[in-house]
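# Quick one: sequence plus predicted model below, questions after.
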Amino acid sequence: MKIWREDGFYAYQIEVLTPVHIGGGEQFTPLDYVIREAAGGDYEAVLIDTSGWLAANSERPEAAKALDEGDMAGLRRALNASPDLSAFARGRIRISSASLGKSLLQKSRTIENKAELLPFIRNPFTMRPYIPASSLKGAISSALTDCLNEIGTGPKLRECRDNREYRKTMEAMFGKIGDHAMSWAKMGDIALPPDCSSIRSVVGVDIKPPASAERTPVETLDPVFFNKFKVCG
């Protein structure tokens, strides 16, 4: 992050160095999206207004039958088989690799696979991803805390024996909690361009005992595309 002073405010420009995910606790299921092949053999997840699609297609035989029987797999198939979903598309997310796109397409057609996605936090009205101000303040605060902890002459946070000592050390850096220096930093959420993210596979690694396993795919800010926009605040 680059920061400079401008007209009494501190302006900043964000550059993403690695894929970043900020979630809002939401999950997308195959009734919230469909996988479509894009130009060049790539794949994308098209976010769907499922309620609107169901209202418009409730009389289609396959959709009506699936609704009557509570057949979620049938609804998935009917949604995927819809030839034109442009009227119900709420957004599109690039998929980072063709192999992941093909895997999600296959999983979304069967009820045996949850095929969930963890999306980046989004504005519920525009469906545009955004960076919450709280996340930015947390990142800045963590960097300041780490820096002050290393250059400080008092006890280090990692050396604190209990919560009381930890709190005293933090107060020595930033002041009392009611007058914390970071509480004076006023920042706004940052709306992001629609093409700066992608869905990528995730592998979780356990240290004890050593093991790795595939996790739910996540939507991340993609450094290659995000940095083209020079997001500023």
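The structure has been received and is ready for your questions. Fair warning: this is a prediction, and the values are worked out from it, not measured in the lab.
# wait, doesn't Ile48 sit right on Ala87?
No: counting by C-beta atoms under 8 Å, Ala87 is not a contact partner of Ile48; they are 10.1 Å apart. (Each C-beta comes from the backbone N, C-alpha and C, glycine too.)
# How much space separates Val203 from Val16?
20 Å (C-beta to C-beta, to the nearest Å).
# mind listing the strands for the chain?
2-6, 9-13, 33-37, 43-48, 89-95, 130-131, 190-191, 197-206, 211-221 (DSSP state E).
# Look at Ile48 and Ala87 and report which has more neighbours.
Ile48 (21 against 10; other C-beta atoms under 10 Å).
# What residues does that one make contact with?
Shown in contact with Ile48 (C-beta atoms under 8 Å, 6 or more residues apart in numbering): Leu31, Asp32, Tyr33, Val34, Leu79, Leu85, Phe88, Ala89, Arg90.
# now Ala78
Asn57, Arg60, Glu62, Ala63, Ala66.
# hmm, back to that, would you format the strands of the chain as a markdown table with distance to Leu118 included?
Listed next are the strands of the chain as a markdown table, based on distance: least, C-beta to C-beta, whole Å:
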| stretch | distance to Leu118 |
| --- | --- |
| strand 2-6 | 29 |
| strand 9-13 | 27 |
| strand 33-37 | 12 |
| strand 43-48 | 12 |
| strand 89-95 | 11 |
| strand 130-131 | 16 |
| strand 190-191 | 20 |
| strand 197-206 | 8 |
| strand 211-221 | 4 |
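# Figure out which of the ones you listed is closest to Gly101.
strand 43-48 (2.5 Å; C-beta to C-beta).
# and the angle for that closest one with strand 89-95?
160 degrees (axes from the mean of the first three to the mean of the last three C-alpha atoms, to 10 degrees).
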